[in-house]
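> no sequence for this one, just the structure:
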């Protein structure tokens, strides 16, 4: 290599690396954005709203427990008392007892669409009324011995009204309910 060429090469490399040095800080970051209001926190739910949510959860839980017990018609299932008490628990157990005595089990599950009808007393609720139009189209009884469908009628939509009450331990349980005739909603 000629001396002149190597001098030009060295000078070019030095010129390129002169701007780079080890330990220099990176380019400054952009200035912080001014504080902007973040999404406003939603207000805490009211006591009535919380009671309604708890009551709906208890109502759905009661039916989930009943569906599970119904697959074997286990009228003594301890899970029935998790979300039901009083007359509601008695009705669930009696229905399963009758199915067990008749050799019936249920398959499928109801489709529920419960809504809170009322909360009493407002501001410090202890009682919630739930209204539902439950659909039992795919929740039917079958004979346990041979698996044939029982002749107890077809499923369909029925109005269900339930009373859900706050218990002494603070939990919410369905204490009574009524299922109306097929096609009532």
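Nice, I can see it. Quantities reported herein were computed from a predicted structural model and do not represent experimental measurements. Numbering: from 1, shown residues only.
> count of neighbours near residue 157?
19 (other Cβ atoms under 10 Å). Backbone N, C-alpha and C define where each C-beta goes, glycine included.
> Leaving out chain neighbours, which residue sits closest to it?
residue 135 (5.0 Å; Cβ to Cβ, 6 or more residues apart in numbering).
> Surely that neighbour touches residue 111?
Yes: under the criterion of Cβ atoms under 8 Å, residue 135 makes contact with residue 111 at 4.2 Å.
> Can you name the helix or strand that residue 69 falls in?
Here residue 69 sits within helix 47-70, counting by DSSP states H and E.
> give me every residue that touches residue 155.
135, 136, 137, 138, 139, 140 (Cβ atoms under 8 Å, 6 or more residues apart in numbering).
> at 6 Å instead, please
Residue 155 makes contact with 136, 137, 139, 140, according to Cβ atoms under 6 Å, 6 or more residues apart in numbering.
> Dump these to a markdown table, plus pLDDT and secondary structure.
Converted to a markdown table, these look like this (pLDDT from 0 to 100; DSSP: H, G, I helix; E, B strand; the rest coil):
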| residue | pLDDT | secondary structure |
| --- | --- | --- |
| 136 | 94 | coil |
| 137 | 93 | coil |
| 139 | 94 | strand |
| 140 | 92 | strand |
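> Farthest pair within those?
Using Cβ to Cβ, these reach their maximum pairwise distance at 137 and 140, which is 8.3 Å.
> coming back round to it: mind listing what's buried in the helix holding residue 69?
For helix 47-70, burial by neighbour count (16 or more other Cβ atoms under 10 Å) applies to 48, 51-52, 54-56, 58-66, 69-70.
> Geometrically speaking, which residue is the centre of the protein?
When Cα atoms, centre = their mean is applied to the chain, the residue found nearest the centroid is residue 57 (7.6 Å).
> more neighbours, residue 137 and residue 140?
Neighbours were tallied for residue 137 and for residue 140 using other Cβ under 10 Å; the higher tally belongs to residue 140 (16 against 12).
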